[in-house]
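# Just a sequence and a predicted model for now, questions to come.
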Amino acid sequence: MTSAGSVLYGQVLWDPLRLIDQWDNRAATFFAAFSFSLATLTTNIAANSLSAGNDFTALWPKYLNIRRGQVICAIVGGWALAPWEILANAAGFLSFMGGYTVFLGPISGIMIADVSAWLGSWIGADGFGCSSIWCTRAKSISRRCIGQTVDIGTGQAS
C-alpha cells in the first residue's frame, strides 16, 4: 500500500488513514473509515477488554463481574493512560515501550521460573530419565484429561 501511495500521490504514506484522506470518493472514504473503526473496536473488545474484565473478576469476584471489569479497563486504558499522548511521536512511544519492558521482564522471569520449577517436579531430578519423553505421572494426567488410558509410546487406547 505504501509503494502504491507513493506512485499515485507522490509521497510515501505509511499510515492507511492518511492514504484514505487523499481519496476523492466520499463513499469509499466512509466505508474504509468505518471498516477501520469496526476492526479496531472488535479487536480491542476481544483481545483486551474481555481478558481484563476476566482478570478483574478474579481479583474481586464478590464485587466485580466481567462487565464491570471491562468498564474499569475502558476507563483506565482508554482515558487514564492517555494513549493518544503515547502515540503522538516516536520518542514518546519508544520511552513508553522502554518503561513497559521494566514490568514485562520480571513478570516473564517469574512465569518461566514457575513453569520450570513445576515441570521439574514432574520430570524428576535426573531430567528426562523415563523411557519416553513423558514420565509416568504425566501419563496419568493425560489419562485423566482424556478420560481413557492411552499408552503414549504406542498410541493405543485401552
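Perfect, I can see it now. Numbering: from 1, shown residues only.
# element containing residue 113, please.
helix 90-123 (DSSP states H and E).
# What helices and strands are in contact with that helix?
On a contact count with 3 or more CB pairs under 8 Å, 6 or more residues apart in numbering; DSSP states H and E, helix 90-123 meets helix 83-86. Glycine gets a C-beta too; all of them are placed from N, C-alpha and C.
# Pull out the CA atoms of the helix it packs on and give them to me as PDB.
Output of helix 83-86 as PDB, limited to C-alpha atoms (Å, rounded to 0.1, in the frame of the first residue of the first chain):
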ATOM      1  CA  PRO A  83      -2.900   6.500  24.600                       C
ATOM      2  CA  TRP A  84      -3.100   9.500  22.200                       C
ATOM      3  CA  GLU A  85      -0.200  11.100  24.000                       C
ATOM      4  CA  ILE A  86       1.900   7.900  23.800                       C
END
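# what's next to that helix, contact-wise?
Under the criterion CB atoms under 8 Å, 6 or more residues apart in numbering, residues 77, 92-93, 96 lie in contact with helix 83-86.
# will you turn these into TSV that also has neighbour count?
As requested, the contacts of helix 83-86 are arranged in TSV below (neighbours: other CB atoms under 10 Å):
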residue	neighbour count
77	14
92	12
93	13
96	14
